[in-house]
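S.K.: below is the structure, and that's it, no one-letter string:
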């Protein structure tokens with residue numbers, strides 16, 4: 001998308017207008033637009049220090065290219081960053097590659113991610129106090145940067161990660177467990193870089209923009225404990241090997257805590273956040289003559305239930321002009337969750353992610369309310385593990401589905417948002433966007 005993207009008419013092109021707002025939000029979070037102000041100076045030539053770039057996340061490839069484009073041509077630069085498969089952006093013509101980018105699986109880790117994490121940790125060997133480590137961290141790094149704790153295999157981590165994803169656990173809960181079952185997350189990468197200075201540039205994909213939660217905080221202190229991780233595993237009935245449970249109970253897998261000397265002199269910069277993207281979308285809506293209201297960039301909860309709450313608000317606006325007058329756009333962000341329902345033996349597994357499930361909950365509760373259109377999409381361009389970013393809802397969504405024999409309650413029962421909206425031609429498909437500031441939701445009420 002370019003800055004002169006044509007603005008669709010909100011009334012005659014309601015769905016296209018919401019997609020335009022989504023593109024504005026994504027553009028605000030692109031690394032090349034947000035990195036320059038946070039880059040540290042390279043080590044002086046006299047010091048003999050070098051600059052090593054390490055990183056992980058769905059925006060990792062784009063972040064690496066931004067650093068390459070902005071870093072002084074005569075200053076040494078090298079490193080390794082891991083991103084999700086197919087999330088490395090095309091290389092601009094004439095931009096030399098100085099940072100290696102490799103790809104691995106997300107949201108369930110694979111051997112490629114394990115190999116990348118091992119290589120990243122190996123690159124920290126031999127660093128000195130004269131060296132600078134520039135860490136590029138974005139959402140998705142937890143799965144991409146997998147290095148199991150002693151006593152765990154990759155297969156164990158895959159099983160635990162999948163169970164967490166399907167449990168309905170919040171992102172901070174999932175990442176608490178991931179930190180304590182890792183040899184590189186939860187501040188351990190920063191510890192491995194000592195005595196070098198570490199500067200972390202991070203794109204937030206979590207409610208509250210807590211850098212210790214983003215990608216499980218590989219370069220920042222961790223205030224959670226082994227006891228916290230054990231409580232979360234018990235809460236969601238997730239099994240782990242006996243030896244690892246014993247290590248957690250003994251406190252042997254504690255992470256570096258706030259105040260640890262290993263973090264002295266380190267810096268963390270938030271280069272893009274969900275709130276900034278929502279504000280950019282709100283400004284674009286107002287420029288098109290539509291008042292815009294941001295509910296929050298920190299909304300969490302079960303996706304379908306969050307959809308129902310948004311629907312109640314939209315119906316109040318549409319029917320009573322409260323708490324906002326029509327026309328308007330209501331925006332929100334955050335990270336909702338999906339609890340995967342048990343399936344009957346032999347039943348097909350539904351396809352979909354949290355944005356699509358939000359849209360199903362919203363559409364069901366809107367009951368075909370006239371004058372309400374909506375879009376929910378993940379800003380990385382991928383809703384869960386499918387090829388869509390999210391989905392659209394229109395006043396006639398339920399009627400068009402019923403004409404095809406689709407019952408939204410049945411699709412919700414099997415978590416099949418993809419199947420529901422694909423049949424209607426209402427999937428939002430963008431491909432990887434090369435950034436990630438979490439959920440984007442927009443409801444247009446005319």
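M.R.: Ah, there it is. A quick note: this is a predicted structure, and the numbers were derived from the prediction, not measured.
S.K.: would you map the helices across the stretch 1-150 of the chain?
M.R.: 14-28, 31-34, 60-70, 111-123, 141-144 (DSSP state H, counting those that start in this stretch).
S.K.: buried residues in the first one?
M.R.: When you say that, I think you mean helix 14-28. 14-15, 17-28 (16 or more other C-beta atoms under 10 Å). For every residue, glycine as well, the C-beta is placed using N, CA and C.
S.K.: now the residues you listed as JSON lines including pLDDT?
M.R.: JSON lines is the format used below for these (pLDDT from 0 to 100):
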{"residue": "14", "pLDDT": "97"}
{"residue": "15", "pLDDT": "96"}
{"residue": "17", "pLDDT": "98"}
{"residue": "18", "pLDDT": "98"}
{"residue": "19", "pLDDT": "97"}
{"residue": "20", "pLDDT": "98"}
{"residue": "21", "pLDDT": "98"}
{"residue": "22", "pLDDT": "98"}
{"residue": "23", "pLDDT": "97"}
{"residue": "24", "pLDDT": "97"}
{"residue": "25", "pLDDT": "98"}
{"residue": "26", "pLDDT": "97"}
{"residue": "27", "pLDDT": "97"}
{"residue": "28", "pLDDT": "97"}
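S.K.: tell me the average confidence for the longest helix along the chain?
M.R.: Scanning the chain for the helix with the most residues, using DSSP state H, yields helix 303-320. Confidence for helix 303-320, expressed as mean pLDDT, is 98.
S.K.: so how far is it off the chain centroid?
M.R.: Helix 303-320 has its C-alpha centroid displaced from the chain centroid by 24 Å (C-alpha atoms, centre = their mean, to the nearest Å).
S.K.: for stretch 87-105, same thing?
M.R.: Its chain's average C-alpha position is 20 Å from that of stretch 87-105, according to C-alpha atoms, centre = their mean.
S.K.: could you tell me the end-to-end distance of it?
M.R.: Stretch 87-105 has an end-to-end distance of 11 Å (C-alpha to C-alpha, to the nearest Å).
S.K.: list the buried residues in it.
M.R.: Result for stretch 87-105 [16+ other C-beta under 10 Å]: buried residues 87-89, 98-99, 101-105.
S.K.: and stretch 359-367, by the same measure?
M.R.: 359-366.
S.K.: picking that back up, just the buried residues of stretch 87-105: which are in strands?
M.R.: If you go by DSSP state E, the buried residues of stretch 87-105 have 101-104 in strands.
S.K.: adjacent strands (with direction) for the longest strand along the chain?
M.R.: Looking across the chain with DSSP E, the single longest strand is strand 328-337. Paired strands of strand 328-337, with direction, are strand 292-294 (parallel), strand 299-302 (parallel), strand 439-445 (antiparallel) (DSSP bridges).
S.K.: which of these is buried the deepest?
M.R.: strand 439-445 (a mean of 26; mean count of other C-beta atoms under 10 Å).
S.K.: pull the distance from that strand to the chain's centre.
M.R.: That offset, for strand 439-445, works out to 18 Å (C-alpha atoms, centre = their mean).
S.K.: what's the answer for stretch 404-415, then?
M.R.: Taking the mean of its C-alpha atoms, stretch 404-415 sits 27 Å from the chain's own mean (C-alpha atoms, centre = their mean).
S.K.: neighbouring contacts of it?
M.R.: With C-beta atoms under 8 Å, 6 or more residues apart in numbering as the test, stretch 404-415 has contacts from 304, 338, 340-341, 343, 347-352, 357, 360-361, 363-364, 398, 401, 417, 419-420, 423-424.
S.K.: can you select the buried ones from those in ChimeraX?
M.R.: Buried subset of those, written as a ChimeraX selection, criterion 16+ other C-beta under 10 Å:
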select :304,338,350,351,352,357,360,361,363,364,398,401,417,419,420,424
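S.K.: from the contacts of stretch 404-415, which land in strands?
M.R.: Per DSSP E, those never map to strands.
S.K.: and residue 433, how many residues sit next to it?
M.R.: Neighbours of residue 433 under the rule other C-beta atoms under 10 Å: 27.
S.K.: can you list the domains in the protein?
M.R.: Using automatic domain parsing, the domains assigned to the chain come out as 31-272, 274-445.
S.K.: which among those is found nearest to residue 5?
M.R.: Residue 5 lies closest to domain 274-445 among the domains of the chain, at 9.4 Å (C-beta to C-beta).
S.K.: residue ranges with poor pLDDT in the stretch 51-200 of the chain?
M.R.: In the predicted model, the stretch 51-200 of the chain carries no residue with pLDDT under 70.
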